[in-house]
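Trainee: Using only what follows, build the 3D model:
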Amino acid sequence: MAELTEVTIYTDGACSGNPGPGGWGSILMVGPHKKELSGGEAVTTNNRMELMAVIKALEALTRKCKVNIYSDSAYVVNAFNQDWISGWIRNGWKNSAKAPVANSDLWKRLIELTSYHETTFIKVKGHADNEYNNRCDQLAVEQSRLFAGKEGE
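Mentor: Next up is the predicted model:
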């Protein structure tokens with residue numbers, strides 16, 4: 001069995017208003033190679049953009065990998081590291097307040113992707129001295145600004 005390629009991914013999402021125009025940014029790194037991805041939506045939420053950043057990064061991988069995902073989103077990291085997801089699935093996609101889990105469409109896609117890859121989620125401090133997290137934030141904010149004029153489209 002071939003050893004899995006190790007990939008480091010940094011992600012971030014941004015939203016101007018909640019909901020409002022939003023963007024996401026991701027950086028994928030394998031050895032000395034880096035690839036930046038970004039996108040956005042005219043009307044979205046910050047949490048949706050945080051999820052999209054991780055989803056789009058994992059979708060960019062062309063084969064099964066060992067992935068370390070760095071995010072400043074407690075929402076994303078805790079869902080995996082504190083295993084909120086198992087409870088949501090067990091409760092028919094209802095949260096602890098018995099309400100539908102927000103963004104379940106994106107969570108389901110992210111679960112598919114993380115079950116294929118060997119993934120580890122690592123929480124980083126946002127807006128601090130981490131150059132990759134800061135770059136992802138910059139990409140996300142740029143995208144949210146691009147989409148700010150597209151709300152009525």
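
Trainee: how many other residues sit next to Trp93?
Mentor: Look at Trp93: counted by other C-beta atoms under 10 Å, it has 12 neighbours. C-betas here are computed from N, CA, C, even on glycine.

Trainee: Endpoint to endpoint, stretch 121-139 covers what distance?
Mentor: Length of stretch 121-139, first residue to last, C-alpha to C-alpha, to the nearest Å: 20 Å.

Trainee: Arg63 - how many residues pack around it?
Mentor: 9.

Trainee: so it, which of the three states?
Mentor: coil (DSSP: H, G, I helix; E, B strand; the rest coil).

Trainee: show me the contacts for it.
Mentor: Residues in contact with Arg63 (C-beta atoms under 8 Å, 6 or more residues apart in numbering) are Thr5.

Trainee: Now it: phi and psi?
Mentor: phi -150, psi 170 (degrees, to the nearest 10).

Trainee: wait, isn't Leu51 in contact with Leu110?
Mentor: Yes - counting by C-beta atoms under 8 Å, Leu51 touches Leu110, with 6.1 Å between them.

Trainee: just the helices in the protein please.
Mentor: Using DSSP state H, the helices assigned to the chain run over residues 46-59, 74-81, 84-90, 104-116, 131-148.

Trainee: So which of those helices is the most surrounded?
Mentor: Counting by mean count of other C-beta atoms under 10 Å, helix 46-59 has the highest mean neighbour count of those, with a mean of 23.

Trainee: who's in contact with it?
Mentor: By C-beta under 8 Å, 6+ apart, helix 46-59 touches 9, 11-15, 18, 22-26, 28, 37, 39-41, 67, 69, 71, 73, 75-76, 102-103, 106-107, 109-110, 113-114, 117, 119, 136, 140, 144.

Trainee: Equivalent analysis for stretch 84-91, please.
Mentor: Residues from elsewhere that reach stretch 84-91, judged by C-beta under 8 Å, 6+ apart: Asn78, Ala79, Lys94, Asn95, Ser96, Lys98, Val101, Ser104, Trp107, Ile111.

Trainee: what's the nearest residue to Ala79 if we skip its chain neighbours?
Mentor: Ile85 (5.5 Å; C-beta to C-beta, 6 or more residues apart in numbering).

Trainee: And the pLDDT at the one you found?
Mentor: What the model reports as pLDDT for Ile85 is 95.

Trainee: Quick check: Ala74 vs Phe80, distance?
Mentor: Ala74 is 11 Å from Phe80, where distance means C-beta to C-beta, to the nearest Å.
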